[in-house]
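> predicted model follows, preceded by the sequence.
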Amino acid sequence: MASLLYPLTICLYLLNLSAAVFEDQVGKFDWRQQYVGNVRFAYFETQPQSPNVNVKKLLVATENNIFASLNSRTGDIFWRHVDKTGPEGHIDTLLVHGQDAIVVVGNGRLLRSWETNIGGLNWETVLDTGSFQSAALIGVQDLVKYVAVLKKSAISLHYLSNGHQKWVENLPDSDTVQYQTVYSGGNGEVFVLGVVPHSHIVVVAYSIEDGEILKQTSVEAPWMSSLESSCVVVGPGVLLCVDPVTLSLYTLPLQSEESTEMNQILLQTLDLEVASGFQPVLTSTQPNPARPPLSTFFLQLGPDHHILLQLSDGLIAPLRDFSPSVLVTFATTGDRTVAAVMTPKNDTACSVNLFTVDSGRRLLDTTVIYHMDPNGGNPIRLYVHAFLKKDDSVGYRVMVQTEDLTLTFLHQPGRVVWTREEALADVVTMEMVDLPLTGTQAELEGEFGKKADGLLPMVLKRLSSQFILLQAWIAHLWKLFYDARKPRSQINKNEVTIETLSRDEFNLQKMMVMVTASGKLFGIDSKSGTILWKHYLKDVQPNAAFKLVIQRTTAHFPHPPQCTLLIKDKDTGLASLHVFNPIFGKKSHIGVPALPRPILQTLLLPLIDQDYAKVLLLIDDQYKVTAFPSTKNVLQQLQEMASSIFFYLVDSSQGRLSGFRLRKDLSTELIWEVVVPAEVQKIVAVKGKRANEHVHSQGRVMGDRSVLYKYLNPNLLAVVTESTDTHQERSFVGIFLIDGVTGRIIHEAVQRKARGPVHFVHSENWVVYEYWNTKSRRNEFSVLELYEGTELYNSTVFSSLDRPHPPQVLQQSYIFPSSISTLEATLTEKGITSRHLLVGLPSGAILSLPKMFLDPRRPEMVSEQSREENLIPYAPEMPIRTEWFINYNQTVSRVRGIYTAPSGLESTCLVVAYGLDIYQTRVYPSKQFDVLKDDYDYMLISSVLLGLFFATMISKRLAQVKLLNRAWR
Amino acid sequence: MALARSRYLDTFFVLSTVTLLFWTEFGDCNNGRRSSDGMDTDFSGFSIPLEHSFEVDDVPRFRGRGTLQLRGGRETSVSLSQIQLMEEDRNRLKDVAAVDGLYRIRVPRVSLQADRQTERQAEGYLTAFVRACSVVESHLSDVISLHTDVSGYLIGVSIVTLPGACHGAEVEDEIDLEAFNTTISIIGPVNAPAPETARFIERMEQEMEKKGKNPQEQKSFFAKYWMYIVPLVLFLMMSGAQDQSGGGAGGAAANGGGR
């Protein structure tokens, strides 16, 4: 009987827990932004489109192993292919011909052809092993038919139409010669160029038809170290190289039979001067792979100095000198090729102009002004899309890529059509900050903050603030009235600007402060996803680690909110601080302490200075403590509090965890030490609890009405180790629960036959972790819960120094049918709402898994008491239900982190998942118990109320009449 | 320094004499989670020193407090022999307690597996602390736990006093602060449970069997439980309608109760 009630009880739970969105709610509370990452290759689709398809495309391949097509009118993604991360999916090169995009992936592992309109795969070929060098499209008789792939020791030719290999040939002397470039001028030959550094160049010509070596020459070039960086092919097959030492150009006709020596042309003879210490760079263009390159080329002589040169009959003639010039590029439309040059105009703007390639003449009316973002980086690459206008003149559009990975697409004369912030594809850490109150709200708040100065001024103050409120209300009404008269289409309700930012009623709209790996900071409105501010930190190392702390929230008007970003160089450990206002993104003028020594640990104390900023302690490698801010007030408070400030350090290389206590003079003393031998197991992660977490109930009510009290130690650390022995029988994962103040090991568990990567969450009185079971070959979840027992030791305060009894530890494990990418728990304002775990799956879905399913008290056998307690009977397998996916079909690619923040509503938790994409939504783990539904029937309830009211009135009247009548009787 | 060293030697001298005297009183300290399983035949026991430090200036100067006697075997058992506190130490302990100083202990990093003793020599110490006032107020009764890792290597030591709080109670040092009353135990890692599939399947099978035995139970699900299902369906329909208005509140209460 009882056993058959299981399914029923489970059914009931599931009905309660299902939290899927309705169709009409899609996109109402959530948004997703998709990114592609740092662009390495970009091509504009040059092929004339069929007349009914009036959309221009931009093909990009990025550092993040993504190949995508962007709409060049809006910047939206048409389609996107996300390949494997790491070197396996690395895109080596991208070649575009017509509707086909040829991509070489994974250091020459795969050759793929994509159809660019819909992003379908034409064909894929597995290439022979060997490290990839270069690839080129090969044309015969004005038709591009093949693609040549040059590897370290072989060259292969593939048909463009189906990917089949036409021929493959081993390269001669490939153990000594470094073959680097492949070139074809469309005349039936493929040239492979190799170099023996500081000795000679090798030129091998293959026949396109059968791969036969037609010619093999070697030319003396003792000054050359690399072909790729110093040589290009210009004109009718002339190899042109630049030597930075002798400051001269060398030419070598590839086709001619007798050439055994390169022709040297000193730059001096051309009146050219190279900036000192600069390696000159050559740029040429080959508009059509079936024809030889143009004879015009650029030579870069300095960081902002380019010159356009022309090679004719072995002689080089300068066409035009561009000084200063930041970036140059060639662009081709039809049979016309132009040179685009970006020159700095003033400090904040650059202009782009077009020049003819045959004479270097400036084309009229071709100026595009590019305004540089003062909070952005410098432009690093220029992509030009040229097209022929109706009057046969050349028009063009420009895409500028900057250091901070921003893509800006401009039309003439400088209209920004769209920008993409590709830095957001690599978010490292984030925080959510409450928005400030509106001016009127702040005015009212300010009234309470000020000191009372007599009765009359207070009354006047109150009156004035009430008047301001009235004014604001009338203005609001006026605006409503005004808007109502306008046609509906003109009202843009979602418009968010930095001026109109203010906290909403339930604090559901917040500012997302995101820190990206490139060192660019973003402030994003959580409701709409609009980027409200951005700030690029120029001197951030590529391998820097970031830590973002909120020192002062918006609650302390008129003090502005304050965030501090700690930027730490991973190699040297040296750190710097960036202090800013999270609402406007402006750098704060507060003086930051100099940090001459590597920083080991940071600690945000609950202490506040007189300006309500929390104190940040920075501990350096000599265990000295620096306080920020370090005013007199703070130092005095620190001295008073010193003996109760403890912190811990982790040295994972030696497996050492050590605890320190602050001394009055801001030095520290070692007070405990735990050493987990690094030869056996390695510490992989240490997590404390979140500081802003609230736990509402101190215990759980059991079936017999007694209370099981939770062990709520705010200082508890969860330490996860992995065994160094990776044999599947002997590998294990260790879980240590250590008190961060006393160093006491509260619990030590070993998960046998388990392996990482371990994802875990530590919250309230529980730790949930996920690992790979090597024996059963599956992912498993395990939950640890800590209880004090049925009696509390000290119910008023918790002190780590005074909890002599170890807690009871309960643990249970479950099978999870998927691997996971990241794990986080929901967080609400007061902690009344039940908790859910948010699991980022590799499929891109985010699963909201009720914590109720991860409860070590789930009974094996159902009893009356367990049913009373609402415990679900134990089942070894954890279900994944599609209605638990909070992001329905909005998958988040490569999800790396999930951030949760409480809102003003107890039922609601704000969630941001970030990875390649960013997804923001709200979750209601216990449903919206404190909010009326959208479709709540106000009419019904008010008519019922009114009806009842009138019914009461009438019946009262009737009763009175009746009473009166009775009295008369 | 010389003075400190002579004192150090002094304490060791006292130790050797007092240990025998107090052996019976303090020897049975092994009532931790793992009890000795009477493997007294294994005489490969060894000892490690337990040191403590309590200084008014809070600069640790460790002196011997006792010796941990370890007996190897399948389950390592431990016993502790300790010295009495001298007059001078008692006074200093009270002084330290008065300034809210720390009472620290330390043990060397060793392997508790006797056979591995030779492999690895001590390379540093593991330290722990309690507030000195709680040591005084608990009348020197404390619980020391030695934590080991999977290979029996000592990774941490912890000390708590019973009771743990400091109330500022007066203590008579002659009677209360002479001898330690210590409970010592070795705690190794607990094996975390794996998902219990076997028992779950067993239980399911039992249920199936039960179902098979009872012919009455062979009736279809609906035939048997229509009296539950009809109200449930009705309830669901009602709650579905209720959802339009304030149904969420009920769901929240149910969920909230489950925490």
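Received it, and whenever you're ready, just let me know what you need.
> list the contacts for the residue nearest to residue A:340 when sequence neighbours are not counted?
Closest residue in space to residue A:340, ignoring its immediate chain neighbours: residue A:384 at 4.4 Å, by CB to CB, 6 or more residues apart in numbering or on different chains. Every residue, glycine included, has its C-beta placed from N, CA and C. By CB atoms under 8 Å, 6 or more residues apart in numbering or on different chains, the contact set of residue A:384 is A:329, A:330, A:331, A:338, A:340, A:352, A:396, A:397, A:398, A:399.
> in what helix or strand does residue A:962 lie?
Residue A:962 is part of helix A:938-968, with elements assigned from DSSP states H and E.
> what ranges do the helices span in the stretch 1-150 of chain B?
Per DSSP state H, counting those that start in this stretch, the stretch 1-150 of chain B carries helices over the ranges B:2-26, B:87-98, B:132-137.
> what strand or helix carries residue A:922?
Here residue A:922, judged by DSSP H and E, is contained in strand A:918-923.
> is there proximity between the helix or strand where residue A:735 lies and chain B?
Element membership of residue A:735, judged by DSSP H and E, is strand A:732-739. Yes. Interface with chain B: strand A:732-739 contributes A:732, A:734, A:735, A:738 (CB under 8 Å from any CB of the partner chain).
> return the residues in contact with the third one.
With contacts defined as CB under 8 Å, 6+ apart, residue A:735 is in contact with A:718-721, A:747-751, A:767, A:769, A:784, B:192.
> how about residue B:222, phi and psi?
phi -70, psi -40 (degrees, to the nearest 10).
> what sits closest to it if chain neighbours are left out?
Using CB to CB, 6+ apart and skipping the chain neighbours, the partner closest in space to residue B:222 is residue B:229 (6.6 Å).
> just the buried positions in stretch A:880-887, please.
Buried residues in stretch A:880-887, counted by 16 or more other CB atoms under 10 Å in any protein chain shown: A:884, A:885, A:886, A:887.
> against chain B, how distant is the first one?
Counting by CB to the nearest CB, to the nearest Å, the gap from residue A:884 to chain B is 14 Å.
> run a quick neighbour tally on the nearest residue to residue A:807 once chain neighbours are set aside.
Using CB to CB, 6+ apart and skipping residues adjacent in sequence, the residue nearest residue A:807 is residue A:711, 3.7 Å away. Using other CB atoms under 10 Å in any protein chain shown, residue A:711 has 25 other residues around it.
> what pLDDT does residue A:711 get?
pLDDT recorded at residue A:711 is 91.
> give me phi/psi at residue A:216?
With angles defined as degrees, to the nearest 10, residue A:216 sits at phi -140, psi 120.
> beta-bridge partners for it, please?
Here residue A:216 sits in beta bridges with residue A:204, as judged by DSSP bridges.
> ok, it - contacts?
A:172, A:202, A:203, A:204, A:205.
> show me which residues of stretch A:455-464 are buried.
Residues of stretch A:455-464 classed as buried by neighbour count (16+ other CB under 10 Å): residue A:461.
> export it to PDB, keeping only CA atoms.
Extracted as PDB, the C-alpha positions of stretch A:455-464 are listed here (Å, rounded to 0.1, in the frame of the first residue of the first chain):
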ATOM      1  CA  LEU A 455      11.300  71.800  14.700                       C
ATOM      2  CA  LEU A 456      10.500  74.500  12.200                       C
ATOM      3  CA  PRO A 457      13.300  73.700   9.800                       C
ATOM      4  CA  MET A 458      12.300  70.100   9.900                       C
ATOM      5  CA  VAL A 459       8.700  70.900   9.100                       C
ATOM      6  CA  LEU A 460       9.900  73.200   6.200                       C
ATOM      7  CA  LYS A 461      12.200  70.400   5.000                       C
ATOM      8  CA  ARG A 462       9.400  67.900   5.100                       C
ATOM      9  CA  LEU A 463       7.100  70.300   3.200                       C
ATOM     10  CA  SER A 464       9.700  71.000   0.600                       C
END
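> what's the average pLDDT for that stretch?
In this model, stretch A:455-464 carries a mean pLDDT of 82.
> follow-up on the earlier one: turn the contacts of residue A:216 into TSV, including pLDDT and neighbour count.
Formatted as TSV, the contacts of residue A:216 follow (pLDDT from 0 to 100; neighbours: other CB atoms under 10 Å in any protein chain shown):
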residue	pLDDT	neighbour count
A:172	86	15
A:202	89	24
A:203	89	20
A:204	90	23
A:205	90	19
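> endpoints of stretch A:420-438, how far apart?
30 Å (CA to CA, to the nearest Å).
> distance from the chain centre to it, please.
10 Å (CA atoms, centre = their mean, to the nearest Å).
> what comes up buried for it?
A:420-437.
> for stretch A:62-73, same thing?
A:62, A:63, A:64, A:65, A:66, A:67, A:68, A:69, A:70, A:72.
> equivalent analysis for stretch B:200-218, please.
By neighbour count with 16+ other CB under 10 Å, stretch B:200-218 contains the buried residues B:200, B:203.
> can you check stretch A:234-253 too?
Applying 16+ other CB under 10 Å to stretch A:234-253 flags A:234-235, A:237-244, A:248-253 as buried.
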